[in-house]
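Peer 1: fold the following and give me the result.
(chains A and B)
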Amino acid sequence: DTGVSQDPRHKITKRGQNVTFRCDPISEHNRLYWYRQTLGQGPEFLTYFQNEAQLEKSRLLSDRFSAERPKGSFSTLEIQRTEQGDSAMYLCASSFGGFPSTDTQYFGPGTRLTVL
Amino acid sequence: KQEVTQIPAALSVPEGENLVLNCSFTDSAIYNLQWFRQDPGKGLTSLLLIQSSQREQTSGRLNASLDKSSGRSTLYIAASQPGDSATYLCAVPRDDKIIFGKGTRLHILP
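Peer 2: Numbers count the residues shown, from 1 in each chain, chains lettered A, B, ... in the order given. Below is the predicted model of the structure:
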């Protein structure tokens, strides 16, 4: 257990429905990251926050995706009008955000999304 | 652009054997390199992190080496056990994010 928690662990939804995932980072960490992992692939970066500011978004993050970190603590990732291609493991990670050479990201257990 | 490649994609070996997993990266200007383990349907567990100034790191039966100039890292697992069966991912940081390889799926045969 790294101290990063994600909820729910599994989500099954029908195509077209909206879903929201939550991530609680390690409490003293300033940075929070979202990654997506499809079957047989490594995780791919989606977006990250420095405190409450969203600093970067991948082009993988279509207009149907939105992420927030309103108080610089937990974060939510919402997918609107889900598609079957959204089926994946969504991983959250957090870090202090110090020097790149020593900053280590700690990963949560992930939320597995299945879109029927 | 940083790309991370892992070979082989899958590996099956009998219990007790020593094995080597390979990772290569295209841009040698890295701060560190990390090896993760992922069990089916689970999140990532960090195994070893090698700083760019280091040549290797050891943890128990695991030994990871790094050759920045050639863009390569290896993960050596000694005396493999069925519990080592998992996917092993190699990753390097890039502009505040981590770039992962696709992983090597390892199966240790009892």
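
Peer 1: so which residues on chain A come close to chain B?
Peer 2: Within reach of chain B by Cβ under 8 Å from any Cβ of the partner chain, chain A has these residues: A:2, A:6, A:31, A:33, A:35, A:40-45, A:48, A:55-56, A:89, A:91, A:93, A:100-110, A:112. Quick note: C-beta positions are derived from backbone N, CA and C, even for glycine.

Peer 1: quick check: bridge partners of the residue of chain B at minimum distance from chain A?
Peer 2: Nearest residue of chain B to chain A, counting by Cβ to the nearest Cβ: B:Phe100, 3.1 Å away. Per DSSP bridges, the residues bridged to B:Phe100 are B:Ala91.

Peer 1: same check on the one 4 residues further on?
Peer 2: Here B:Thr104 shows beta-bridge partners B:Tyr88, assigned using DSSP bridges.

Peer 1: tally of neighbours for it?
Peer 2: Neighbourhood size, B:Thr104 [other Cβ atoms under 10 Å in any protein chain shown]: 21.

Peer 1: now swap in A:Val4 and tell me
Peer 2: Residues near A:Val4, counting by other Cβ under 10 Å: 24.

Peer 1: OK, contacts around the nearest residue to it once chain neighbours are set aside?
Peer 2: Computed as Cβ to Cβ, 6 or more residues apart in numbering or on different chains, the closest residue to A:Val4 that is not its neighbour in sequence is A:Gly108, at 3.7 Å. Contact analysis of A:Gly108 by Cβ atoms under 8 Å, 6 or more residues apart in numbering or on different chains lists A:Thr2, A:Val4, A:Ser5, A:Gln6, A:Cys23, A:Leu91, A:Cys92, A:Ala93, B:Gly43.

Peer 1: can you pick the most crowded of those?
Peer 2: Among these, A:Cys92 has the most neighbours (other Cβ under 10 Å), with 29 neighbours.

Peer 1: which residues are in contact with that residue?
Peer 2: If you count contacts by Cβ under 8 Å, 6+ apart, A:Cys92 has them with A:4, A:6, A:21, A:23, A:25, A:32-35, A:75, A:77, A:107-108, A:110.
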